[in-house]
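S.K.: can't give you the sequence, but here's the structure:
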């Protein structure tokens, strides 16, 4: 009972720190800046942030959301991302205990969260999240429990191939049905390379069934939530956000959803 209590608490505190670093990654990687140098600083006055003003969540609250030096407001994104990441780590470790699967799941969901923020703000999915995440996923597939290395490798390959094919087909269809639409949006492909590499990463964590479920859920969410906005504004859909949401659902409830589908289709007893 004691272990069941302290494990998610410690994981949550560690998750707050990961969330602080995630803020830096989502702001710097999309614009090709280092996450190491320069250190944390105020975006307004550019004064370095001291360690005691960089304590996750607490420092923002104590400073009332303002820079200590220039007193300019500091975005609420910082504490919200830290808090959300801390809750993710606490939740996953509460479910799986102190295990490799808990580490794998917490990292996966953190990467998905980072991708969502980057894609929403910059329409960019940095390779550090997608390719780097795929490397972590394949590496953790050798750990006990979870997806085996072969299923992870096949999932990564299939994930990349599926979305690449969807992108090629989508580009041809848009050019045929709506000539000039892609040029108006400032792109030459319907599917960005970041989305394709992101699906490779998802396959490394979830396998082939996870790729199929993520693609379906992400596409439906994108169509329902962003479809009307895209039709009116002519903006392309930031698909990474919806694929991330679909992948998170697939990670949490994918086995149950696939089992239900197989029973519904009469494939499984």
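M.R.: Everything's here; your move. Worth saying up front: this structure is predicted, and the values here are computed from it rather than measured. Numbering: from 1, shown residues only.
S.K.: now the helices: where do they sit in this protein?
M.R.: Assigned by DSSP state H, the helices in the chain fall at 2-28, 58-62, 77-96, 100-122, 127-140, 149-177, 181-184, 193-221, 227-233, 239-264.
S.K.: Mean neighbour count, those: which tops it?
M.R.: Of all the helices of the chain, helix 193-221 has the most neighbours on average by mean count of other CB atoms under 10 Å, namely a mean of 24. Quick note: C-beta positions are derived from backbone N, CA and C, even for glycine.
S.K.: Extract the residue ranges of the chain that are flagged as low pLDDT.
M.R.: 1-3, 170-171, 173-191, 227-236, 267-269 (pLDDT under 70).
S.K.: Geometrically speaking, which residue is the centre of it?
M.R.: Central residue of the chain (CA atoms, centre = their mean): residue 112, 1.3 Å from the mean position.
S.K.: Surely that residue touches residue 248?
M.R.: Yes: Residue 112 lies in contact with residue 248 (CB atoms under 8 Å); the separation is 5.6 Å.
S.K.: Could I get the contacting residues of the residue lying closest to residue 151 once chain neighbours are set aside?
M.R.: The shortest distance from residue 151 to any non-neighbouring residue, by CB to CB, 6 or more residues apart in numbering, is to residue 207 (4.5 Å). Contact analysis of residue 207 by CB atoms under 8 Å, 6 or more residues apart in numbering lists 147, 151, 152, 154, 155.
S.K.: Let's see that with 6 Å instead.
M.R.: Taking CB atoms under 6 Å, 6 or more residues apart in numbering, we find residue 207 in contact with 147, 151, 155.
S.K.: and if you look at residue 217?
M.R.: 246, 249.
S.K.: For it, give its distance to residue 112.
M.R.: Distance of residue 217 to residue 112, given as CB to CB, to the nearest Å: 13 Å.
S.K.: for residue 40, same thing?
M.R.: Distance of residue 40 to residue 112, given as CB to CB: 24 Å.
S.K.: do the same with residue 59
M.R.: Distance, residue 59 to residue 112, by CB to CB: 26 Å.
S.K.: How about residue 95?
M.R.: Going from residue 95 to residue 112 by CB to CB gives 17 Å.
S.K.: before we move on, the earlier item: give me the distance between the residue nearest to the centre of the chain and residue 259.
M.R.: Counting by CB to CB, the gap from residue 112 to residue 259 is 23 Å.
S.K.: now residue 76
M.R.: From residue 76 to residue 259 the distance is 40 Å (CB to CB).
S.K.: and if you look at residue 217?
M.R.: Going from residue 217 to residue 259 by CB to CB gives 16 Å.
S.K.: Find the nearest non-adjacent residue to residue 61, please.
M.R.: residue 79 (7.1 Å).
S.K.: Over to residue 238?
M.R.: For residue 238, the spatially nearest residue (CB to CB, 6+ apart) is residue 119, at 4.6 Å.
S.K.: check contacts around that neighbour.
M.R.: Going by CB under 6 Å, 6+ apart, residue 119 touches 125, 238, 240, 241.
S.K.: and what of residue 204?
M.R.: For residue 204, the contact set (CB under 6 Å, 6+ apart) comprises 134, 137, 138, 152, 155, 156.
S.K.: try 10 Å
M.R.: Residues counted as contacts of residue 204 (CB atoms under 10 Å, 6 or more residues apart in numbering) are 108, 133-141, 147, 149, 151-157, 159-160, 210-211.
S.K.: quick one, what contacts the nearest residue to it once chain neighbours are set aside?
M.R.: Once flanking residues are discounted, residue 204 sits nearest to residue 137: 3.2 Å by CB to CB, 6+ apart. Contacts for residue 137 (CB under 10 Å, 6+ apart) come out as 104, 107-108, 111, 146-147, 152-153, 155-156, 200-206.
S.K.: what about 8 Å?
M.R.: Applying CB under 8 Å, 6+ apart, we find residue 137 in contact with 104, 108, 152, 156, 201, 204, 205.
S.K.: And for the residue nearest to residue 124 when sequence neighbours are not counted, the neighbour number?
M.R.: Using CB to CB, 6+ apart and skipping the chain neighbours, the partner closest in space to residue 124 is residue 30 (4.2 Å). Residue 30 sits with 20 neighbouring residues when counted by other CB atoms under 10 Å.
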